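S.K.: below are the sequence and a predicted model for it; my questions follow.
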Amino acid sequence: MAAQLDYLTIHEIFSRFHAAEPEPKGELNHVNAYTLLVAVALSAQATDKGVNKATEALFREVTTPAAMLDLGEERLIEHIRTIGLYRNKAKNVMALSRILVEQYGGEVPSSRAALQSLPGVGRKTANVVLNMWWRFPAQAVDTHIFRVANRTGIAPGRDVVAVERAIEDHVPAPFQLHAHHWLILHGRYVCRARAPACRLCLIRDLCEFEEKNL
DNA sequence: ATCCCGAGGG
DNA sequence: CCCTCTGGAT
């Protein structure tokens, strides 16, 4: 775990991310709030690419919780069998869809508490929906962000909640909304878990971790 | 701390 | 073969 970087360095890091990619987007395909919620719930311990492959056909048939109930758990499983943890995910998506229909008029709620009360929706998934759909500066800390935050010193922490707090505390406000996607894309393509591409890194000169990977 | 779990990469 | 992938519930 690297030492906490100072404010000016962090500001410079995000200024570079912004310059390189002013409007960073996620890579999880979806057509509305409901399909976003489902896609994020399916993405646990899975790659976006794998989730997109499965939802491509699924979201052609199903884009609402009511339609998901009509589809049924068995046929949902057929769609998502190629994704890890598919039994739990299918059960959760069905249960969550039922709750949306029965308690939320088929809409996706905009409060963290309501989102997190849904089966299969924890802090991370709720934060992604709050950030991507409701444009709230929520910091969903996934495996990539946890790694990048700790390697770089942008927001070191022993667990994901600590890193979330550190991002809230140390990332300048104007960068908070897009911080999630900048960090995750950086983690996915540059600051990779296995073979980090430090030679191609935009913030190489501001990071201590690179020294170990030249 | 452990289980759930398949695909893709090296 | 081993590691990793936008975690959550128990």
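M.R.: Right, received. Where do you want to start?

S.K.: OK, contacts around the closest residue to residue A:73 other than its chain neighbours?
M.R.: Once flanking residues are discounted, residue A:73 sits nearest to residue A:94: 4.9 Å by Cβ to Cβ, 6 or more residues apart in numbering. For the C-beta atoms, the positions are set from N, CA and C on the backbone; glycine is no exception. Residues in contact with residue A:94 (Cβ atoms under 8 Å, 6 or more residues apart in numbering) are A:68-69, A:72-73, A:76.

S.K.: and residue A:94, how far from residue A:68?
M.R.: In this view, residue A:94 and residue A:68 are 7 Å apart by Cβ to Cβ, to the nearest Å.

S.K.: with residue A:155 instead?
M.R.: Residue A:155 sits at a distance of 36 Å from residue A:68 (criterion: Cβ to Cβ).

S.K.: which one's more surrounded, these two?
M.R.: residue A:155 (28 against 25; other Cβ atoms under 10 Å).

S.K.: which residues touch the more buried one?
M.R.: Residue A:155 touches A:4, A:149, A:163, A:166-167, A:169-171, counting by Cβ under 8 Å, 6+ apart.

S.K.: against DNA strand B, how distant is it?
M.R.: 22 Å (Cβ to the nearest atom of the strand, to the nearest Å).

S.K.: and the closest residue to that residue other than its chain neighbours, what pLDDT?
M.R.: Excluding the flanking residues, the one nearest residue A:155 by Cβ to Cβ, 6+ apart is residue A:166, at 3.5 Å. On the pLDDT scale, residue A:166 is placed at 98.

S.K.: who's in contact with the one helix or strand residue A:166 maps to?
M.R.: Using DSSP states H and E, residue A:166 falls within helix A:160-170. If you take Cβ under 8 Å, 6+ apart as the criterion, helix A:160-170 is touched by A:4-5, A:7, A:10, A:123-124, A:127, A:139-141, A:145-146, A:149-150, A:154-157, A:176, A:179.

S.K.: does that helix reach DNA strand C?
M.R.: No. Legend: contact between helix A:160-170 and DNA strand C by Cβ under 7 Å from any atom of the strand is lacking; minimum distance shown is 7.9 Å.

S.K.: equivalent analysis for stretch A:114-127, please.
M.R.: Yes. Counting by Cβ under 7 Å from any atom of the strand, DNA strand C has neighbours in stretch A:114-127: A:116, A:118-126.

S.K.: same question for that stretch, mean pLDDT?
M.R.: On average, stretch A:114-127 scores 98.

S.K.: next: stretch A:206-214.
M.R.: Stretch A:206-214 comes out at a mean pLDDT of 74.
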